[in-house]
Each structure stands twice: as C-alpha cells, then as structure tokens.
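J.: here is my input; please provide its structure:
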Amino acid sequence: MKLVVAYIRHEAFEPIRTELLDLGFPSLSITEVKGSGRQRGITEQYRGSSVTNYLRPKIKIECVVADGDVSTIVDTVLKHGRTGSIGDGKVFVIPVEQAYRIRTGEAGEETLQAHPGATATV
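T.: Now for the predicted structure:
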C-alpha cells in the first residue's frame with residue numbers, strides 16, 4: 001500500500017476529484033494548506049503599501065491505495081494539475097506498512113475497498 005500526497009492549486013481540485021471518483025477512488029482526505037517553494041513570494045498592494053506574501057494557498061490531497069493503483073492516481077493528478085507555471089505543486093508517494101478499518105477490524109488492502117453496497121455521492 002502507498003500513501004499518495006499531492007499539493008495542488010485550488011482550481012485543479014475539482015477535475016481531479018471527479019476523475020478519481022469515476023475511476024473508483026472515492027476516498028480522499030483534503031486539507032487547505034499554505035506553503036512556499038520555487039514560486040516564492042507574490043508582492044501585492046495593501047492599503048497603500050507593498051506586502052509580500054511568501055505562503056501560497058494550496059490543497060493537500062491524501063489517498064492510500066494499493067501499490068498497483070499508484071500510477072493511476074499520480075497520472076490523474078499530473079494531468080489535471082499541470083499548467084506549466086511555477087506553483088503547480090508536488091506529488092509524493094510514501095509506503096504504508098499497514099491499515100486497519102476501525103469499524104470491522106479488517107486489516108491490509110481490504111480496508112481500501114469501498115463498503116459492499118455503498119454508493120458514491122457526488
């Protein structure tokens with residue numbers, strides 16, 4: 001199992017979420033974050049003075065998937081997240097040793113499957 005973590009622009013989130021849902025990956029954790037990288041600061045005018053904002057808003061997507069599904073997730077994020085400009089974000093793939101479903105006690109990749117009979121809501 002792998003944890004795919006992606007830092008993306010806000011406008012890229014909805015197309016990524018929609019395609020992942022269509023591909024059968026409804027389970028995502030989303031966090032609004034701020035960070036800095038190569039994009040550096042953006043200087044803006046605020047009440048007559050220049051203010052440089054070094055922390056840019058991003059969305060952090062986390063998704064634990066089976067090893068064979070990593071390329072599907074990464075390709076989807078890259079396809080919809082790439083504008084070609086500085087600040088598009090990053091994707092990290094991290095190994096996950098074990099996962100447990102608290103409700104049933106299931107362990108391993110069984111925890112990654114949707115509950116039988118569950119329907120995805122959009």
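J.: ok, and the closest non-adjacent residue to Pro15?
T.: Excluding its sequence neighbours, the residue lying closest to Pro15 (C-beta to C-beta, 6 or more residues apart in numbering) is His80, at 4.2 Å. Where you see a C-beta, it was placed from the backbone N, CA and C, and this is true even at glycine.
J.: quick one, what contacts that neighbour?
T.: Neighbouring residues of His80 by C-beta atoms under 8 Å, 6 or more residues apart in numbering: 12, 15-16, 19.
J.: change it to 6 Å
T.: His80 makes contact with 12, 15-16, according to C-beta atoms under 6 Å, 6 or more residues apart in numbering.
J.: could you do Ile73 as well?
T.: 4, 63, 65.
J.: give the bridge partners for the last one, please.
T.: With DSSP bridges applied, the residues forming beta bridges to Val65 are Lys2.
J.: low-confidence ranges in this protein?
T.: Applying pLDDT under 70 to the chain picks out residues 114-122.
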